[in-house]
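Enquirer: below: sequence and its predicted model.
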Amino acid sequence: MKPLFRTLALTMVLGTPVIAAPAFAGTVENLERERAILVETLLANDMTAEERFSKVNVSKSRLIDLERIVLRDKSLVGRNTPAIKRAFANYDLTFMVHAAIEKDRALADHWLTQIGLDKQGLLSAQMRRR
């Protein structure tokens, strides 16, 4: 009985720092998380147009701030992590709001174009069973 108790106690003591360690998300990760929320809102089919419009506007204002933060983040200089490389290699997708404004396009239209779709193609698509 004692070895089991020792193992359990040791596991609890050694496991505590892992559980109690704070999570750290950098500026690029925060930007990606907010962008994912925006894309999820754009694709959601369970909300009204007014709900979608209000949620997109909130996400747009957050993304504008986060995009500026990432662009001005001096700690990213010299870091070559895959996430940072991918973020700056795909400017039009990473900095989606700024790129849409620069190209004078709606945010959804800009995003669809960047992933290889357009509005006409989506409107003419038919849902079929395979």
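Expert: Cool, got the structure.

Enquirer: elements contacting the helix or strand hosting Ile84?
Expert: Ile84 is part of helix 82-89, with elements assigned from DSSP states H and E. Judged by 3 or more Cβ pairs under 8 Å, 6 or more residues apart in numbering; DSSP states H and E, helix 82-89 is in contact with helix 27-43, helix 91-94. Every C-beta, even on glycine, is put in place using the N, C-alpha and C of the backbone.

Enquirer: tell me the mean pLDDT over the following helix or strand past the longest one?
Expert: By that I understand helix 27-43. Proceeding N to C from helix 27-43, the next assigned helix or strand is helix 49-72, under DSSP H and E. On average, the pLDDT along helix 49-72 is 92.

Enquirer: what's the angle between helix 49-72 and helix 27-43?
Expert: Between helix 49-72 and helix 27-43, the angle comes out at 160 degrees (axes from the mean of the first three to the mean of the last three Cα atoms, to 10 degrees).

Enquirer: run the angle between helix 49-72 and helix 82-89 for me.
Expert: Taking the same axes, to 10 degrees, one finds helix 49-72 and helix 82-89 inclined to each other by 100 degrees.

Enquirer: low-confidence ranges in the chain?
Expert: 1-25 (pLDDT under 70).

Enquirer: now do the helix holding Ile84: distance to the chain's middle.
Expert: 13 Å (Cα atoms, centre = their mean, to the nearest Å).

Enquirer: hmm, who's touching that helix?
Expert: Helix 82-89 has contacts (Cβ atoms under 8 Å, 6 or more residues apart in numbering) with Val28, Glu29, Leu31, Glu32, Val70, Leu76, Thr94.

Enquirer: pick the one among those closest to Glu102.
Expert: Nearest to Glu102 out of these is Thr94 (Cβ to Cβ; 13.3 Å).

Enquirer: neighbours of the closest residue to the closest one other than its chain neighbours, just the number please.
Expert: Spatial nearest neighbour of Thr94, chain neighbours left out: Ala87 (4.5 Å); criterion: Cβ to Cβ, 6 or more residues apart in numbering. Neighbours of Ala87 under the rule other Cβ atoms under 10 Å: 20.

Enquirer: name the member of the contacts of helix 82-89 with the most neighbours.
Expert: When these are compared by neighbour count (other Cβ under 10 Å), Leu31 ends up highest, at 25 neighbours.
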